[in-house]
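# Sequence below, structure please.
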Amino acid sequence: MEPAISLVEPANDVRAAMRAIGAQAREAARALAIAPAQAKTDALLAAAGALRQSGDEILAANARDIAAAKAKGAAPAFLDRLLLDEARIEAMARGLEEVAALPDPIGRVLAHFERPNGLRIERVATPLGVVGIIYESRPNVTADAGALCLKSGNAAVLRGGSDSFYSSAAIHACLVEGLRRAGLPEAAIARAPFASREAVGEMLDGLGGALDVIVPRGGKSLVERVQREARVPVFAHLEGLVHIYVDRAADLEEAIRIVVNSKLRRTGVCGAAETLLVDKACAATHLAPLVKALLDAGCAVRGDSATMAADPRVSEAAEADWRTEYLDAILSCRIVDGLSAAIDHIEAYGSHHTDCILTEDRAAAERFLKEVDSAIVLHNASTQFADGGEFGFGAEIGIATGRMHARGPVGVEQLCTFKYRVRGDGQVRP
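Numbers count the residues shown, from 1 in each chain. Predicted coordinates:
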């Protein structure tokens, strides 16, 4: 069955429906908070099986989304984010199985201590409650977000972009099937059944008090709207303005391999490199080969005067390029006068998402790792490792670039809060 879709639902109908979804999710969250770990595991494994069994239906739904996106003139990088194939469906299924295999985070004793009066105090991990996730074109977020919320004992309310409406609906149906088979409330992973923007507005308003936190996952305009309008706490996933700094002590062959992979493995992911900084001290030997490798691999390069001199195919970079998340086969490049200048550039133009240094100088690497204030900082590794799955989290609900509660890949542990359990023997306070 294809999900019903309308782009012009009356606002009152959307409000009533979304608030009903929120109320049902709140009730489901109470059940999930005390659900046995095995039930959550069973639900995720059953959902993984349902994804594999429903491959044809998912691909058909995705073909419908792809056709609509092409009709709108969507860019290749956008279509890549939207596209599902058998390999990506299998990756989603494996992701659910990896999350299922993680230790249950709920009930972990994070700290324990005893007071002089004999009170025994524990700090224990608990779910956040109901998590709203607002995302755009990438339909696999439906599976990742639903799985992580379920594993961490949270109910989820998902609102995917209209571009991935049918794909997300087909994936969501598999998650619901997993919940059903495990005997868990189907409302534990809810999905906004509307493509209109009113549904987003209702979530930003908190669904009548049902939502405890919102996680936006998408472009800058989406995140800015959520941060500006949300009436509940937000785990901000700001744009991935990712830098690679090639230090004077970088190994050239290694640098070429890492830079090309960081930019071109998948250009539409938030960990894709967008700006290349090359130390002035090694520009004579490193700049031209790096730029040539990128250009030969199909990446457009926009650069400063030195970069333009290194290869005639380089176009001139404008000031806006240093602040642009291309999410495409485009990269900006400039020469900087050493490590301090590189760090200054990243601080001035970066988004505190992911940044990398390539160097064989351990002292330079340690200084970069210490001083660059980003959620993820790397040394001699591709920025495409900025991913919860690569961190061993099974998947991620996003990469938080803020500083409150969660930062970096948001996995099951980051979707937990805590409470204090205090045990006494009749103590009273004097």
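# ok but I121 is inside a helix, no?
No - in this structure, I121 is strand, not part of a helix, as judged by DSSP: H, G, I helix; E, B strand; the rest coil.
# Do I have it right that it meets Y420?
Yes - at 5.9 Å, I121 counts as touching Y420 under the criterion of Cβ atoms under 8 Å. Glycine gets a C-beta too; all of them are placed from N, C-alpha and C.
# Show me which of those two is the more surrounded one.
For I121 versus Y420, neighbours defined as other Cβ atoms under 10 Å are more numerous around I121 (14 against 10).
# list the contacts for the more buried one?
Each residue near I121 by Cβ atoms under 8 Å, 6 or more residues apart in numbering is listed here: 112-115, 420-423.
# For it, give its distance to G240.
According to Cβ to Cβ, to the nearest Å, I121 and G240 sit 40 Å apart.
# swap in K72?
In this view, K72 and G240 are 24 Å apart by Cβ to Cβ.
# Over to H379?
Applying Cβ to Cβ, the value for H379 to G240 is 18 Å.
# Looking only at neighbour counts, state which of those two leads.
Shown here are H379 and G240; by other Cβ under 10 Å, G240 has more neighbours (25 against 15).
# What sits closest to the more buried one if chain neighbours are left out?
In space, G240 comes closest to C270 once its chain neighbours are excluded; the distance is 3.4 Å by Cβ to Cβ, 6 or more residues apart in numbering.
# Provide the count of other residues in contact range of that neighbour.
So C270, with other Cβ under 10 Å, has 27 neighbours.
# list the buried ones in stretch 345-355?
Neighbour-count burial for stretch 345-355 flags 345-346, 349-355 (criterion: 16 or more other Cβ atoms under 10 Å).
# got a list of contacts for it?
Applying Cβ under 8 Å, 6+ apart, the external contacts of stretch 345-355 come out as 238-245, 270-271, 275, 277, 322-323, 325, 334, 336, 372-378, 383, 386, 399, 401.
# ok, back up a step: from the contacts of I121, which land in strands?
Among the contacts of I121, the members found in strands (DSSP state E) are 112-114, 420-423.
# Tell me how far E27 lies from D42.
21 Å.
# meant to ask about I189, not that
Noted for I189: a distance of 14 Å to D42, by Cβ to Cβ.
# who's more crowded, these two?
I189 (29 against 18).
# What segments of the stretch 101-250 of the chain are strands?
109-114, 120-127, 130-135, 155-159, 189-191, 213-217, 242-246 (DSSP state E, counting those that start in this stretch).
# The ones you listed: which one's closest to T285?
Closest to T285 of these is strand 242-246 (Cβ to Cβ; 10.5 Å).
# coming back round to it: the residue nearest to G240: what's it in contact with?
Contacts for C270 (Cβ under 8 Å, 6+ apart) come out as 237, 239-240, 242, 325, 353-354, 386, 399.
# Reformat these as a markdown table; add distance to A318 and pLDDT.
Putting the contacts of C270 into a markdown table (distance: Cβ to Cβ, whole Å; pLDDT from 0 to 100) gives the following:
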| residue | distance to A318 | pLDDT |
| --- | --- | --- |
| H237 | 26 | 70 |
| E239 | 18 | 77 |
| G240 | 20 | 86 |
| V242 | 19 | 96 |
| E325 | 15 | 92 |
| H353 | 22 | 92 |
| T354 | 23 | 94 |
| A386 | 26 | 91 |
| I399 | 27 | 79 |
